[in-house]
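Peer 1: The following block contains a protein sequence and its predicted model.
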Amino acid sequence: MEIQNKRVKTILKFVFVIYIVLLLGVVTLRFLYPDKLFQMRNALAAGEVSPNFEIFKTIRNQLENLGSGYANWNILANTVCFMPFGFLLPLITKKPCNVLLTGFIGLLFSGLIETSQLVFKIGVFDIDDLLLNTVGVILGYVCARVGYAIFGSGKRKKR
């Protein structure tokens, strides 16, 4: 997948940067309000919330409670919020990104976010968030491939 039109590629790069800024804002800045940050740090210190390093633990609990608003929101948000990453990344890179490379870069980016939440105590590290985020990146990549296959590179055959 390669976008030939430089203007379109520049716009997509701009959209990607804006997306990353917004994503980081949603994920990390929500806790930077003093009262929210204070509540999060107190909850972490009291052991009310703790990092999850056991894969599928949170996902299992949420699948058992799929009717609840939080479980639905968490699964959906962790997946859908990372779809633009997988959709845009292969379109803006100079060299083609395959699904594995795109997924790996998405995993690293998600890992950076989760680790910063752990280190700076601005959220709760959850290994399952890494998994759901990476699934979102891969779904975004698949959507980009399907879109590219349908709409092509913008070149039309002459009759």
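Peer 2: Received the coordinates, thanks.

Peer 1: Give me the number of neighbouring residues for N133.
Peer 2: Using other CB atoms under 10 Å, N133 is surrounded by 27 other residues. The way it works is simple: take the backbone N, C-alpha and C, and place the C-beta from them, glycine included.

Peer 1: Contact partners for it?
Peer 2: 78-79, 81-82, 106-107, 110, 113 (CB atoms under 8 Å, 6 or more residues apart in numbering).

Peer 1: What subset of those residues is buried?
Peer 2: Those of the contacts of N133 that meet the buried threshold are 78-79, 81-82, 106-107, 110, 113, by 16 or more other CB atoms under 10 Å.

Peer 1: Is it possible to get JSON lines of those that adds distance to F38, pLDDT and secondary structure?
Peer 2: Formatted as JSON lines, the buried ones among the contacts of N133 follow (distance: CB to CB, whole Å; pLDDT from 0 to 100; DSSP: H, G, I helix; E, B strand; the rest coil):
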{"residue": "N78", "distance to F38": "25", "pLDDT": "93", "secondary structure": "helix"}
{"residue": "T79", "distance to F38": "30", "pLDDT": "96", "secondary structure": "helix"}
{"residue": "C81", "distance to F38": "25", "pLDDT": "94", "secondary structure": "coil"}
{"residue": "F82", "distance to F38": "28", "pLDDT": "97", "secondary structure": "coil"}
{"residue": "G106", "distance to F38": "32", "pLDDT": "97", "secondary structure": "helix"}
{"residue": "L107", "distance to F38": "31", "pLDDT": "98", "secondary structure": "helix"}
{"residue": "S110", "distance to F38": "26", "pLDDT": "96", "secondary structure": "helix"}
{"residue": "I113", "distance to F38": "21", "pLDDT": "93", "secondary structure": "helix"}
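
Peer 1: Include distance to G123 when you put the contacts of N133 into CSV, please.
Peer 2: Converted to CSV, these look like this (distance: CB to CB, whole Å):
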residue, distance to G123
N78, 12
T79, 17
C81, 14
F82, 16
G106, 18
L107, 18
S110, 12
I113, 8
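
Peer 1: Please consider this matter closed, and thank you.
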